[in-house]
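Peer 1: Sharing a sequence plus its predicted fold:
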Amino acid sequence: MNFFIYIKNRTIAVLAVFAMSVALYATLYVAGVDTFVIWYCICLIVIVALVGLIADYIHRRAFYRELSQNLTAMSEHAFLAPSMSAIPATYEERLFHEALVAMSKSMMDRLAESKTASREYREYIEMWVHEIKTPISAAHLIAQNNPDAATDAMDVQLSKVESLVEQALFYARGTALDRDFSIRPVSLEKVVRVSLRTNARALIDAHVTPRLEHLACSVRTDPKWLSFIVSQLLINAAKYRREDLPLGTSFVTVSAVQKEVSTGTRVTELIVADNGIGIPEQDLSRVFDKAFTGENGRRYAKSTGIGLYLVHQLCTKMGLSISVTSQVGAGTTFTITFRESMLDLLDA
């Protein structure tokens, strides 16, 4: 708070001094007092009032400056600023500070309630997902033990339900990676093969052939979360295949490139590329946005816009980066980048 803002907020006091000066001038002038003496008295009153205002400004400036600095420094957690402010000296500042503390406490209570409700809901979703897997697995067995056209079609739909249930589980867990998160050396080939087995039915039904290239390398990550990410990319490759291609020519290639970009830093790129319908250029910058379906989602398949959003969120939380390039009619390529320092590799 600068002095001009302070004076603006003390307009009544300034007007009071001005009115008193006018009244004093009129009274002394009528009484026949010398003009020099009148102006001397008025100047003395103005000087005393100005000194008082400056002293009060200096006294208050420290409190407001500290509060402003705390608000700026804490940014998104500005509601915690009152707890870091100095004890106010004036009654007005004390009332203001108490009001801020009360609001801060109310906000923290609401945040605590919200976190508790969110945690309980997440735990319920996780429990529900684990419970629903049992009847889904039983239904799979029934369909496999009674093969015919109807049960085969039912088994396909069960696989889709299973995929969506798994997506719901990872969506719920995505806000609390620390509960189910383990970074360790992982073979990329093993993780990719697990994802292929999980989504084999979707790829077979879509007539998309998987190709694995140069995956004999390891990275430090969580295998379960990485497997889910790869699964989502494989499902997209099956979902957005080109219908006009001859049978057996649709493919999705999963490969890896490992290189040392600088002294002590190694980069591994996991690349998932398909020859599907591709993504329109105007949609590329938004494919990782939550609930964004784009032109392909509206034209070719029912899409929720959650899969790639989850992929991006999980990559970010695990310290990975993901990028996408695409050409309509030629295919789409996703690149997941793992950056590891030599210290990480030695610890492994």
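Peer 2: Thanks, I have the structure now.

Peer 1: gap between stretch 262-276 and the chain center?
Peer 2: Relative to the centre of its chain, stretch 262-276 is centred 24 Å away, using CA atoms, centre = their mean, to the nearest Å.

Peer 1: Same check on stretch 183-194?
Peer 2: Using CA atoms, centre = their mean, the offset of stretch 183-194 from its chain centre is 26 Å.

Peer 1: Domains in this protein, by residue range?
Peer 2: 3-86, 181-347 (automatic domain parsing).

Peer 1: And the helices in this structure, which stretches?
Peer 2: Assigned helices in the chain, in chain order: 3-9, 11-30, 35-74, 91-145, 149-173, 188-198, 200-205, 223-239, 281-284, 294-299, 307-317, 342-347 (criterion: DSSP state H).

Peer 1: Identify the residues contacting the residue lying closest to Gly331 once chain neighbours are set aside.
Peer 2: Among residues not flanking Gly331 along the chain, Asn275 sits closest, at 4.1 Å (CB to CB, 6 or more residues apart in numbering). Where you see a C-beta, it was placed from the backbone N, CA and C, and this is true even at glycine. Residues near Asn275 by CB atoms under 8 Å, 6 or more residues apart in numbering: 242, 245, 249-251, 330-331.

Peer 1: what about 10 Å?
Peer 2: Asn275 sits next to 208, 237, 241-242, 245, 249-253, 329-332 when contact means CB atoms under 10 Å, 6 or more residues apart in numbering.

Peer 1: Distance-wise, check Arg266 relative to Ser159.
Peer 2: 37 Å (CB to CB, to the nearest Å).

Peer 1: Tell me which two in the contacts of Asn275 are the farthest apart.
Peer 2: The largest separation in the contacts of Asn275, counting by CB to CB, is between Thr253 and Gly329 at 17.3 Å.

Peer 1: Between these two, point out the one with more neighbours.
Peer 2: Ranked by neighbour count (other CB atoms under 10 Å), Thr253 and Gly329 place Thr253 first, with 17 against 11.

Peer 1: and that one, how far is that from His207?
Peer 2: From Thr253 over to His207 (counting by CB to CB), the distance is 16 Å.

Peer 1: cool, and Ser321?
Peer 2: For Ser321, the distance to His207 - CB to CB - is 32 Å.

Peer 1: Kindly report the same for Ala16.
Peer 2: From Ala16 to His207 the distance is 88 Å (CB to CB).

Peer 1: Show me which of these two is the more surrounded one.
Peer 2: Between Ala16 and His207, counted using other CB under 10 Å, His207 has the larger neighbour count: 16 against 12.

Peer 1: For the closest residue to Tyr171 other than its chain neighbours, which residues are in contact?
Peer 2: Spatial nearest neighbour of Tyr171, chain neighbours left out: Leu310 (5.9 Å); criterion: CB to CB, 6+ apart. Going by CB under 10 Å, 6+ apart, Leu310 touches 167, 170-171, 174, 228-229, 232, 288, 290.

Peer 1: Swap in 8 Å and give it another go.
Peer 2: Residues counted as contacts of Leu310 (CB under 8 Å, 6+ apart) are 167, 170-171, 174, 228, 232.

Peer 1: Any chance of JSON lines for those, columns distance to Met154, neighbour count and pLDDT?
Peer 2: JSON lines is the format used below for the contacts of Leu310 (distance: CB to CB, whole Å; neighbours: other CB atoms under 10 Å; pLDDT from 0 to 100):
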{"residue": "Gln167", "distance to Met154": "20", "neighbour count": "19", "pLDDT": "82"}
{"residue": "Phe170", "distance to Met154": "25", "neighbour count": "22", "pLDDT": "80"}
{"residue": "Tyr171", "distance to Met154": "25", "neighbour count": "17", "pLDDT": "79"}
{"residue": "Gly174", "distance to Met154": "30", "neighbour count": "16", "pLDDT": "69"}
{"residue": "Phe228", "distance to Met154": "25", "neighbour count": "23", "pLDDT": "91"}
{"residue": "Gln232", "distance to Met154": "24", "neighbour count": "25", "pLDDT": "92"}
